[in-house]
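S.K.: From the sequence below, what's the structure:
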Amino acid sequence: MGRIFILRRRSLLFMLLVAAFVIGSGTYIYDFFWNSEPVASKVKAEKEFSIITTEYKANMEDGRVLEVYRWNPGMIVVEKGDKVTLNILGVQGNMHPFEIKGLGVKGEVRKGRETKVTFIADQEGTFPIICQTHSGVESNGPMVGYIVVD
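M.R.: Numbers count the residues shown, from 1 in each chain. Take a look at the predicted model:
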């Protein structure tokens, strides 16, 4: 003979709550482990910039020639989460090893060549692009530009 189960309202509500929790947790776990989007698809926008190395010369009254190197443009503004590509063309100066402080980006630009660096702007702030050859006044610098991440 079959068994008969009698459920009380309180027991039925408890079982429904447990079932809803198990289904909800399963959906979350599935989305987290098996259906998560790759990092590249979470990028807000892809932005590409062209930068050149520039040299300014000035003849001083005492006959000295003053040279100063710069990145042109000197400031780039992007949004947090953007995938940023910098195409840096070496126009002036033989070699410019550089670092974007705080973003972990390093590279080297040589005269007549283009250097391409790509990174995700994953933190807000202002990050200097510093040429290590021209880091101060004594070496015709500082050759510095800025990446601003809003």
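
S.K.: ok, residue 147 - how many residues close by?
M.R.: 23 (other Cβ atoms under 10 Å). Placement of C-beta: from N, CA and C, glycine included.

S.K.: In which helix or strand does it reside?
M.R.: strand 144-149 (DSSP states H and E).

S.K.: What of residue 57?
M.R.: If you go by DSSP H and E, residue 57 is part of strand 46-59.

S.K.: Note down every partner strand of the strand holding residue 147 and its orientation.
M.R.: Here strand 144-149 is paired, per DSSP bridges, with strand 75-78 (parallel), strand 125-131 (antiparallel).

S.K.: quick one, that strand and strand 46-59 angle?
M.R.: Per axes from the mean of the first three to the mean of the last three Cα atoms, to 10 degrees, the angle that strand 144-149 makes with strand 46-59 is 160 degrees.

S.K.: Strand 144-149: which residues count as buried?
M.R.: 144-145, 147, 149 (16 or more other Cβ atoms under 10 Å).

S.K.: Pull out the buried residues from the strand holding residue 57.
M.R.: For strand 46-59, by 16+ other Cβ under 10 Å, it's 47, 51-54.

S.K.: in this protein, which helix or strand is least confident?
M.R.: helix 9-33 (a mean of 69; mean pLDDT, DSSP states H and E).

S.K.: so what pLDDT did residue 42 get?
M.R.: For residue 42, the model assigns a pLDDT of 66.

S.K.: residue contacts, the residue nearest the centre of the chain?
M.R.: Geometric centre of the chain, nearest residue: residue 121, 2.1 Å, by Cα atoms, centre = their mean. When contacts are counted by Cβ atoms under 8 Å, 6 or more residues apart in numbering, residue 121 touches 78-84, 103, 147, 149.
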